[in-house]
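In: Take this sequence and fold it.
(2 chains)
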Amino acid sequence: NAGVMQNPRHLVRRRGQEARLRCSPMKGHSHVYWYRQLPEEGLKFMVYLQKENIIDESGMPKERFSAEFPKEGPSILRIQQVVRGDSAAYFCASSPLGQGAYSGNTIYFGEGSWLTVV
Amino acid sequence: KQEVTQIPAALSVPEGENLVLNCSFTDSAIYNLQWFRQDPGKGLTSLLLIQSSQREQTSGRLNASLDKSSGRSTLYIAASQPGDSATYLCAVNTGNQFYFGTGTSLTVIP
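Out: Modelled structure (predicted):
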């Protein structure tokens, strides 16, 4: 049973370009979470999605950032017009069908996508 | 707003020592608390999950305790090994999200 798969693992973008980060949850998981880890800081929640729905996006910056989790395919975190301050590790996590954050079950993290903006 | 603090920020111990990592949180209204391990350039590996109704959990050489009323958790590592060297993160689940501490960087010296 493959774990949470994230790609690309490393991404370099020039200022002003777009970055797309993909996350395939574990098999049977329909809840996806995105977290960001800035250098020297802890992980910060960005967004919680279920299939075709955004449940909580209270941690998402108001501009340039968007996330989706379509009926088919991976979840996508999209960052438009990247700036140097977007350089960070972006982690995706998932939890099982019908068992979101309220269930008390653990969530499983991917290996992360490291974005560098030059 | 929930805030999670981990002390110490860094710890260096000789192999074989027992050690304690501390985590404190400001809002006791949590569903559970989870300890993770993070190796450099890697993702997070879940070590122990403690439900809000539980006092402790054990897995091998690891024991985690939770005192929800005082907003504290400890992770006890027995007989430390060089392979335990990593950053240990504490996270509290308040519903839709986990709030993370900034971690304790542990180095176990052979």
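In: contacts, neighbours, all on C-alpha from now
Out: Noted.
In: What residues does chain B have near chain A?
Out: B:31-32, B:34, B:42-46, B:49, B:51, B:93, B:95-103 (Cα under 8 Å from any Cα of the partner chain).
In: What subset of those is buried?
Out: B:31-32, B:34, B:42-46, B:49, B:51, B:93, B:96-103 (16 or more other Cα atoms under 10 Å in any protein chain shown).
In: which residue is nearest the centroid of chain A?
Out: A:W34 (3.2 Å; Cα atoms, centre = their mean).
In: Which members of the residues of chain B next to chain A occur in strands, if any?
Out: Among these, DSSP state E puts B:32, B:34, B:44-46, B:49, B:51, B:93, B:98-100 in strands.
In: low-confidence ranges in chain A?
Out: The model of chain A has pLDDT under 70 over residues A:1, A:97-105.
In: Show me the strands in it, by range?
Out: Going by DSSP E, chain A shows strands at A:5-7, A:10-13, A:19-24, A:29-37, A:43-50, A:53-56, A:65-68, A:75-79, A:88-96, A:108-109, A:113-117.
In: Distance from the last one to the middle of the chain?
Out: When you say that, I think you mean strand A:113-117. Chain-centre distance of strand A:113-117: 13 Å, with Cα atoms, centre = their mean, to the nearest Å.
In: And for stretch B:49-57?
Out: 13 Å.
In: mean confidence for it?
Out: Stretch B:49-57 shows a mean pLDDT of 92.
In: Do me a favour and get the end-to-end distance for that stretch?
Out: Separation of the first and last residues of stretch B:49-57 by Cα to Cα, to the nearest Å is 7 Å.
In: In that stretch, which of the residues would be classed as buried?
Out: B:49-52, B:56-57.
In: now for these, which pair is the farthest apart?
Out: Using Cα to Cα, the buried residues of stretch B:49-57 span at most 11.5 Å, a distance reached by B:S52 and B:Q57.
In: Show me where chain B has its strands.
Out: Using DSSP E, strands in chain B cover B:4-7, B:10-14, B:19-25, B:32-38, B:44-51, B:56-59, B:62-67, B:72-77, B:86-93, B:98-100, B:104-109.
In: give me the beta-bridge partners of B:I50?
Out: Beta-bridge pairing of B:I50 under DSSP bridges involves B:L33.
In: Please name the nearest non-neighbouring residue to A:Y35.
Out: Distances taken as Cα to Cα, 6 or more residues apart in numbering or on different chains place A:F45 nearest to A:Y35, at 4.6 Å, with adjacent residues excluded.
In: A:W34 is in contact with that neighbour, correct?
Out: Yes - taking Cα atoms under 8 Å as the definition, A:F45 is a contact partner of A:W34 at 6.4 Å.
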